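A.B. asks: when you get a sec, could you give me coordinates for this:
(one chain, ligands or ions: 2)
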Amino acid sequence: MAMCAPTTAKIPVINVSKIDTDTADRLVAAAASFGFIFIELESTDIEYNNVQHMFELSKKFFASPRSEKEKCAITENNKGWSSMLSETLDPEHQTRGDFKEALNFGEFQGGKAQQPLPSSLVDSETYLSDFFDSCHNLCVRLLQLFAMGLKIDEEAGGKDWFSSRHDKSGPSGSILRLLHYPIIPAEAGYVPEKDIRAGAHSDYGSITLLFQRPGQEGLEILSGGWHPVPVHPESVDTARPPPILVNIGDLLSYWTGGYLKSTVHRVVVPPSASASGEDRYSMAFFCHPVDTAQLIPVPSAFLRERVKKRGAMDTDGEGKVITAAEHLKGRLAATYGWKK
Ligand SMILES: O=C(O)CCC(=O)C(=O)O
Ligand SMILES: [Fe+2]
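C.D. replies: Numbers count the residues shown, from 1 in each chain. Ligands and ions are numbered 1, 2, ... in the order given. All right, here's what the predicted structure looks like:
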C-alpha cells in the first residue's frame, strides 16, 4: 500500500480585534477541537516590526561565542541558555536530546531582567522587557475571551476568572523563549527515525504564543497521526505577516476538565529544510498563572454540562489541590533530568 503524505493541519485563523461573544465562541470551539489556533497578527497590539527585530536579536545571540552563552547557562529556575541536546522533551522515546538551543527569559521587573543577560543582548534589555509585556498583554486578552466563551459563572469572576490569576501580583513561571534549530551537520549523525528537533510534548503553562518565520517550517501536531503546521495557513496571503500560533497548555486543559485540548506537538526537520539549507528560528511565549494559583475546576455551568468527569488533575492523589508552581516543578524536572 502506498504511503499517503501527511495532510496539513486545518487550524482556524481568528481575528481578535474585538472582545465579543462571537470571537470568544470561535476561539473556544477551536481550542476544544484542535487545541491550536492561528491569530491574525494585525488584529493584536503586537507590531510585526518588533517581531522581526526580536528575530534579529535572536540570531545575534545564537551566533555569539559558546563561552558567552555559557555565562548565562540555564539553571533550575528555568531561565537562561540551554545548549544542543541538553533538553529532552520526550524522555520516554528519545535516546538523544533535542537538536535545538534555546534562551529563556523569565519576568522582567521595572524593565530589568531578573537573570544574567548575555553580552550580545545587554543593550536590548528594555526592548526585551517591552516585548515580554506585549506578549503577556495579548495572553490576558485571549484569557478573557476564553473565559467569556466558556461562560464562567459571573459571581465567580466571569470573564476575569483566568486573567485575574495572571495579573502579575506575584511571581509566575511565564517564559519568553528564543529557539534555534540549526541545520544539522553531517557529522552529528542525525537519524531521522530516532532523532528530533523538539520531542513530542504538550506545553506546561496556560497558553502559548508561537512566532514562526516564512520558509522555516517543521512544527507538527498529533491529531490521529502527525500533521505539519504551516507558517502561513492557506487563507493568509504570504505577503502578510505570519499569524501568531496560539496553543492551549496543560493548565487550561486541567482547569476545564480536558474540554480545551492541550495538544501534543513536536518539531522535525522537514524535507524542504535540507533543500533550502535554512535553520529554523522560532519564539515562544509560555504564559503561566501566578505560582500560587490552584488547579481547581473552573466554575461554569457550560462546562458542567459538557464535561462528565471534572477535575481529574485537581488533587495530588491525596486530596490536596496542587498549585501552578508545584505542577511546573514536576514537568521541568522530567525534561532536564533534574531531581524532583
Ligand atoms: O519551535 C517550535 O515550533 C515549537 C517549540 C515548542 O513547542 C516548545 O518550545 O514548547
Ligand atoms: Fe511546545
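A.B. asks: count the neighbours of T21 for me.
C.D. replies: 12 (other CB atoms under 10 Å). No exception for glycine: its C-beta is placed from N, CA and C like everyone else's.
A.B. asks: over to S253?
C.D. replies: The local packing of S253 (other CB under 10 Å) involves 22 other residues.
A.B. asks: that one contacts K261, correct?
C.D. replies: Yes. If you go by CB atoms under 8 Å, S253 and K261 touch, sitting 6.5 Å apart.
A.B. asks: count of neighbours near whichever residue of the chain sits closest to ligand 1?
C.D. replies: Relative to ligand 1, the nearest point of the chain is S282 (3.5 Å; CB to the nearest ligand atom). Neighbour count of S282, defined by other CB under 10 Å: 24.
A.B. asks: which neighbours do S253 and K261 share?
C.D. replies: Residues within reach of S253 and of K261 at once, by CB atoms under 8 Å, 6 or more residues apart in numbering, are G35.
A.B. asks: any idea how far G258 is from S206?
C.D. replies: From G258 across to S206, the span is 15 Å (CB to CB, to the nearest Å).
A.B. asks: hmm, I was thinking of N15
C.D. replies: If you measure N15 against S206 using CB to CB, the figure is 22 Å.
A.B. asks: so between those two, which is more surrounded?
C.D. replies: More crowded of N15 and S206, by other CB under 10 Å: S206, with 31 against 13.
A.B. asks: give me the pLDDT for the closest residue to A113 other than its chain neighbours.
C.D. replies: In this structure, A113 finds its nearest non-sequential neighbour in E125, 5.8 Å apart by CB to CB, 6 or more residues apart in numbering. With respect to pLDDT, E125 scores 97.
A.B. asks: next, the nearest residue to the residue of the chain closest to ligand 1 once chain neighbours are set aside: secondary structure please.
C.D. replies: Nearest non-adjacent residue to S282, counting by CB to CB, 6+ apart: L179, 4.7 Å away. Put simply, L179 is strand when judged by DSSP: H, G, I helix; E, B strand; the rest coil.
A.B. asks: rewinding a little: what about the residue nearest to A113, how many neighbours?
C.D. replies: Residues within reach of E125, counting by other CB under 10 Å, total 15.
A.B. asks: quick check: it touching Q114?
C.D. replies: No. Between E125 and Q114 there is no contact under CB under 8 Å: 11.1 Å.
A.B. asks: what is in contact with the two at once?
C.D. replies: Residues within reach of E125 and of Q114 at once, by CB under 8 Å, 6+ apart, are F108.
A.B. asks: quick one: low-confidence ranges for the stretch 151-300 of the chain?
C.D. replies: 185-189, 192-193, 271-277 (pLDDT under 70).
A.B. asks: where do the helices sit along it?
C.D. replies: For the stretch 151-300 of the chain, applying DSSP state H, counting those that start in this stretch gives helices covering 250-255, 271-276.
A.B. asks: who in the stretch 51-200 of the chain is up against ligand 1?
C.D. replies: The stretch 51-200 of the chain comes close to ligand 1 at residues R177, L179, A198, as judged by CB under 6 Å from any ligand atom.
A.B. asks: hmm, the last one is touching V264, no?
C.D. replies: If I follow you right, that is A198. No. Taking contacts as CB under 8 Å, A198 lies outside contact range of V264: 11.4 Å.
A.B. asks: and the strands in the chain?
C.D. replies: Remark: strands assigned in the chain by DSSP state E are 13-14, 36-39, 80-82, 101-105, 108-109, 112-113, 175-181, 198-201, 207-211, 219-222, 226-228, 244-248, 265-267, 280-287.
A.B. asks: for F131, which of the ones you listed is the nearest?
C.D. replies: Closest approach to F131 among the strands of the chain is made by strand 175-181 (7.0 Å; CB to CB).
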